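*Asks:* sequence and predicted structure, then a few things I'm wondering about:
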Amino acid sequence: MTLSAESESTAPLQGGGALTAGRLVLLASLAALGALATNIMLPAFPDMAREFGALPHELAWTLSSFFIVFALGQLIVGPMADSVGRAPFVIGGLAIFVAGSIVCALAPSLPVLITGRAIQALGACAASVLARAIARDLYHGPELTRALALVMIAMAAAPGFSPALGTGMTLLLGWRSIFVLVAGAGALVAICYCVSAGETLPASQRRSAQPALIARTYAELACDPRFIRPALAVSLVIGCLYSFFAAAPPILMTGLGFSAADLSLFFAATVAVVFGSGLITARLARRWDAPRVGMAGILIALTGGLWLVAQGGAPTQIQFMSAVTLFLAGMGLVNPVATAIALEPFGDRAGIASALLGFLQMACAALGTALIGSLPIGPAAAYSLVVCSGTLLAALIFYPVLRGRSVLTDASD
């Protein structure tokens, strides 16, 4: 299927379209905006605190407001996009994201900055949830797994490289330049979307947006083991990933003597691990079937968690980095596979399914990061317990999926 840029922007693309590099980069960019906008600002916290005269717990609201709006916004955007189509919410969401970024860049006070972050989140949640829904619109089977692999790589990689970028921008141009850069990224993604993708949901596949129907669909998905088992399992693993980004600074900088530059380099190095795992996921799923690859990924991540626990809350640099690398390798395998398994049977409600999946992921991320800060033990011990318990629970939840044949592996593979 070959469409001109003009026709693609106005007519729905049909499922099974070519898995082109351009579309994959676009989907990855949509998925990564939220993570980019959050982690890129972390190195600028000291400068923000000095300028606004704010305390650390007050600056934390720039994160909390974002996560709350991001999680809840997905539950609204998903079903509305199933009813109206993807394009209005992608373009509108990116416009809101750019507007929120500009508010942050010009903020004269901390309350205005927090408001700008909430506006950012409202736009970013639309881009993130619809990246998965658009992938499900266009692809199925092994191609869906490949597409989601890159989307998941982008979502996991953005928190890895963005702190280093934020550090450089803050040192060279000041912290406000970070939000100018993020606004420019959102505008560029919007232009690329209009040119290369456009609407992907045909009118014949759209669903009513009646509140009662939406609530019933959410309830059906939450009770359907085809969705909830892989969705909850991958969400628990993603929660462990976000816990890593929350726990790594105190563990590495306070406990292991890393500098800010060392920390940025370590985060950037994690991208290579996730990228490598993601690249081989689709090939492994075709050879051994998706549920087996997903369970293997969870068990590898669990092994990393057990290794962290065995270190007794006082890891050496080599021990900690090796255990985290093992966890990230497993996460890179299970993330796209379990996401594809969860979304594949629900092409007629991909927006709602993607929204509920995104909500579960953000809820697990919020729970994991909250536990890191609230457990009455050191950050290394707290992180070890969160990763070990989260991946163990994920394995128990995902295990029954192995007893059924995945819809992603059929004779056509």
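*Replies:* It's in. Because the structure is predicted, anything quoted here is derived from the model rather than measured. Numbers count the residues shown, from 1 in each chain.
*Asks:* how distant is the helix or strand encompassing Ala81 from the center of its chain?
*Replies:* In this assignment (DSSP states H and E), Ala81 forms part of helix 61-84. Helix 61-84 sits 13 Å away from the centroid of its parent chain (Cα atoms, centre = their mean, to the nearest Å).
*Asks:* continuing past that helix, what's the next helix or strand?
*Replies:* Remark: after helix 61-84, the chain's next helix or strand is helix 87-106, criterion DSSP H and E.
*Asks:* which is the next helix or strand following that following helix?
*Replies:* Heading C-terminal from helix 87-106 (DSSP H and E), you reach helix 110-138.
*Asks:* tell me the angle of that next one relative to helix 87-106?
*Replies:* Interaxial angle, helix 110-138 versus helix 87-106 (axes from the mean of the first three to the mean of the last three Cα atoms, to 10 degrees): 150 degrees.
*Asks:* packing partners for helix 110-138?
*Replies:* Helix 110-138 sits against helix 21-39, helix 45-52, helix 61-84, helix 87-106, helix 141-173, helix 176-196, helix 317-343, helix 350-374, with contacts defined as 3 or more Cβ pairs under 8 Å, 6 or more residues apart in numbering; DSSP states H and E. To be clear about C-beta, it is placed using only N, CA and C from the backbone, and glycine gets the same treatment.
*Asks:* quick one on the thing from earlier: model confidence over the helix holding Ala81, on average?
*Replies:* Averaging pLDDT along helix 61-84 gives 82.
*Asks:* what packs against that helix?
*Replies:* So helix 61-84, by 3+ Cβ pairs under 8 Å, 6+ apart, packs with helix 21-39, helix 87-106, helix 110-138, helix 211-223, helix 350-374.
*Asks:* so for Thr316, which of the ones you listed sits nearest?
*Replies:* Taking Cβ to Cβ, helix 350-374 is the member of the helices and strands packed on helix 61-84 nearest to Thr316, at 20.3 Å.
*Asks:* and the angle for that closest one with helix 61-84?
*Replies:* Going by the same axes, to 10 degrees, helix 350-374 makes 170 degrees with helix 61-84.
*Asks:* contact partners for the residue nearest to Leu110 when sequence neighbours are not counted?
*Replies:* Excluding the flanking residues, the one nearest Leu110 by Cβ to Cβ, 6 or more residues apart in numbering is Phe52, at 4.4 Å. Neighbour list for Phe52: 109-110, 113 [criterion: Cβ atoms under 8 Å, 6 or more residues apart in numbering].
*Asks:* can you check Gly358 too?
*Replies:* With contact set as Cβ under 8 Å, 6+ apart, Gly358 has these partners: 71, 74, 78, 125, 128-129, 132.
*Asks:* repeat that for Ala185.
*Replies:* Taking Cβ under 8 Å, 6+ apart as the criterion, Ala185 is in contact with 29, 33, 36.
*Asks:* which of those residues ranks first by neighbour count?
*Replies:* Within the contacts of Ala185, most neighbours by other Cβ atoms under 10 Å means Leu33, with 28 neighbours.
*Asks:* run through the stretch 101-250 of the chain and note the low-pLDDT ranges.
*Replies:* Scanning the stretch 101-250 of the chain for pLDDT under 70 picks out the ranges 141, 150, 152-160, 204, 208-209.
*Asks:* okay, the residue of the chain positioned farthest from its centre and Ala314: tell me how far apart.
*Replies:* Distance to the chain centre peaks in the chain at Gly53, reaching 31.9 Å (criterion: Cα atoms, centre = their mean). In this view, Gly53 and Ala314 are 37 Å apart by Cβ to Cβ, to the nearest Å.
*Asks:* same question, Leu385
*Replies:* 14 Å.
*Asks:* cool, and Ala183?
*Replies:* Distance of Ala183 to Ala314, computed by Cβ to Cβ: 43 Å.
*Asks:* more neighbours, these two?
*Replies:* A count of neighbours by other Cβ under 10 Å puts Ala183 above the other of Ala183 and Ala314, at 21 against 11.
*Asks:* surely that one is in contact with Val103?
*Replies:* No. Ala183 is beyond contact range of Val103, at 9.6 Å (criterion: Cβ atoms under 8 Å).
*Asks:* buried ones in the helix holding Ala81?
*Replies:* Using 16 or more other Cβ atoms under 10 Å as the burial criterion, the residues of helix 61-84 that qualify are 61-63, 65-67, 69-71, 73-83.
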